[in-house]
Every structure is written in structure tokens, then in C-alpha cells.
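> just to be clear, the model below is a prediction. Sequence and coordinates:
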Amino acid sequence: MMVMKRFFLALTMCLFFIHGKAQMLAVNTDVAFDAMAVQNLGLEMTTGNSSTIGVSVLYANKPYNKAIKFALVQPEWRFYFSGRPMHSHFVGLCAIGGTYDFTNKGKVRDGYGAGIGITFGYVWNLTKSLSLDIHGGLGCIAYRQKEYYEGDYYDEEYTVNGNVKANASGYWLLPTKIGVSLSYILK
């Protein structure tokens, strides 16, 4: 958890140094992920009259005692059609990168993935500092993973020069950003 705190501190400092004259800085959480016991935090900063940049970080370790563990980072650029950032309809370009380890019906998948996608959404301003963001996106994700059944001696069978190698890779067209976020504008 200490690594996550350091990451957020470094990210916040970088955002301030990249664009010190930002009009708005908002912190957000995705309530849909919160309901699924997935820890998440996002930062969004205006970069112009109609655009923002942001990053979301997600982490889960055995939510609801399920054999799932993942950590994801999703940077995103958004263009707001209203001419006002963090308000009304938007389209976004996002990237995603992360690691995962989950078991389903005795089959273990342990790997990492990265990709790009497009997001569409709408932001309602509830108060001067609080807004509701509904968004959905689709993207292409490339992955490499170790795929085996529980009880296999995978680490012994797929070791090359002391390194355990991935035995599966490919591309998937997947949802990259789907959710309902609450944002609080700090500045």
C-alpha cells in the first residue's frame, strides 16, 4: 500500500509541474468499482478550454474472497463538446496497462496487458465542486500470460534460464473504461 501512496504523491506533483496554470484539478472515485470492492482513485486536470488529462489507478486483491488480483493504470485525454472542461458530453482517448492474476474453474491466468481505447460519456455538475461522470469505452488490449491449471507444476515446466515464461499471448477487444464516477473539484 505504501507504493500506491508514493505513486499518487509523485503523480500529483508531476501534474502540477506539467501545467502549473491549470484552471481546475479534480479528484474522483468510480462508485461502480467501489461497490465491487475495487480500490480506485483518479485525478483530472484541465489543459485547455475544452480538454482535460487524467489518470485512474485501480487495485483489487481478493474482492469478496474471489481468487482475483489486479493493478491497473489508465491515463486519458478528454475533449468536451460544450467548450467547458468537466461539463457535458465528451470523447476521450485512453491507454491502459496493468497486471492480473485470477483463477476461474481451476484455471489460473497470471500476466499483464496494455492497450488503447476510446471513451464516451457525460458529466453532470451537481454542485460547484461536485460532479457525476457516466462513461463507457472500448479498446484493444494486448496481453501475455502464464496459463495453467491449479496443481500443475507450471513453474518447473516452463522455466527457461531460471525465468518462468508466458505460454499465452494475444489481443482482445474489451471494455476499457466503464463506470460512474463522483468527482470533487479541488481548484
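Thanks, I have it.
> how about the contacts made by residue 74?
Listed by CB atoms under 8 Å, 6 or more residues apart in numbering, the contact set of residue 74 reads 55, 56, 57, 58, 94, 95, 96, 176, 177. C-betas here are computed from N, CA, C, even on glycine.
> quick one: pLDDT of the residue lying closest to it once chain neighbours are set aside?
Taking CB to CB, 6 or more residues apart in numbering, and ignoring the residues beside it in sequence, residue 74 has residue 56 as its nearest neighbour in space, at 4.5 Å. Residue 56 is assigned a predicted lDDT (pLDDT) of 96.
> residue 56: neighbour count?
Burial measure for residue 56: 23 neighbouring residues, criterion other CB atoms under 10 Å.
> so it is in contact with residue 27, correct?
No: taking contact to mean CB atoms under 8 Å, the distance of 10.7 Å between residue 56 and residue 27 leaves them out of contact.
> all strands for the chain, in order.
Along the chain, counting by DSSP state E, strands occupy 25-30, 39-46, 51-61, 68-80, 88-104, 107-125, 130-149, 159-160, 163-164, 168-185.
> which one of the ones you listed has the lowest average pLDDT?
strand 159-160 - the lowest mean pLDDT of the strands of the chain, at a mean of 66.
> wait, which of the contacts of residue 74 is closest to residue 120?
Proximity of those to residue 120, judged by CB to CB, is greatest for residue 177, which lies at 9.4 Å.
> how near is that closest one to residue 73?
Summarising the geometry, the distance separating residue 177 from residue 73, computed by CB to CB, to the nearest Å, is 12 Å.
> ok so, going back, tell me, what's touching residue 56 and residue 27 both at once?
Counting by CB under 8 Å, 6+ apart, the residues touching both residue 56 and residue 27 are 41, 42.
> show me what contacts the nearest residue to residue 66 once chain neighbours are set aside?
Nearest residue to residue 66 in three dimensions, chain neighbours excluded: residue 102, at 7.9 Å (CB to CB, 6+ apart). Shown in contact with residue 102 (CB under 8 Å, 6+ apart): 66, 67, 68, 69, 70, 108, 109.
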